[in-house]
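Novice: sequence first, then the predicted structure:
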Amino acid sequence: MREFRGIFPYLVSPVTEDGKIKETVLRKLIEDLICSGVHGIVVLGSTGEFFYLDAEQKKRIVKIAVDQAGGRVPGIAGV
């Protein structure tokens, strides 16, 4: 089992007023954090938006995060 250590920031979920995921913004945020040296990322964590997003939005955010991290750092979905 892999042990989680280091910095795992909670990411905000960028969403438009009409509920569309701002994919470009989320990908840039993840990329900037990884390039800055974080050890992992957490989506849908403790920033509160989890309760306001539907199941499809949540799935999309997780898929984007996994794709953008590309195995470089571990990720946690705070569902």
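Specialist: Everything's here; your move. Residues are numbered from 1 along each chain as shown.

Novice: and the helix ranked longest in the chain, what other elements does it pack with?
Specialist: In terms of residue count, the longest helix belonging to the chain (DSSP state H) is helix 55-69. Applying 3 or more CB pairs under 8 Å, 6 or more residues apart in numbering; DSSP states H and E, one finds that helix 55-69 contacts helix 23-35, strand 41-43, strand 75-77. Where C-beta positions appear, they are placed from N, C-alpha and C, glycine not excepted.

Novice: what's G19 in contact with, if anything?
Specialist: Going by CB atoms under 8 Å, 6 or more residues apart in numbering, G19 touches 54, 57.

Novice: go with 10 Å
Specialist: Shown in contact with G19 (CB atoms under 10 Å, 6 or more residues apart in numbering): 52-54, 56-57.

Novice: ok, now I21?
Specialist: If you count contacts by CB under 10 Å, 6+ apart, I21 has them with 13-15, 53, 56-58, 60-61, 63-64.

Novice: and what of V38?
Specialist: 6-9, 30, 32, 73.

Novice: which of those residues count as buried?
Specialist: With burial judged by 16 or more other CB atoms under 10 Å, the buried subset of those is 8, 30, 73.

Novice: who's the residue nearest the centre of the chain bridged to?
Specialist: Central residue of the chain (CA atoms, centre = their mean): V43, 3.4 Å from the mean position. Under DSSP bridges, the beta-bridge partners of V43 are A77.
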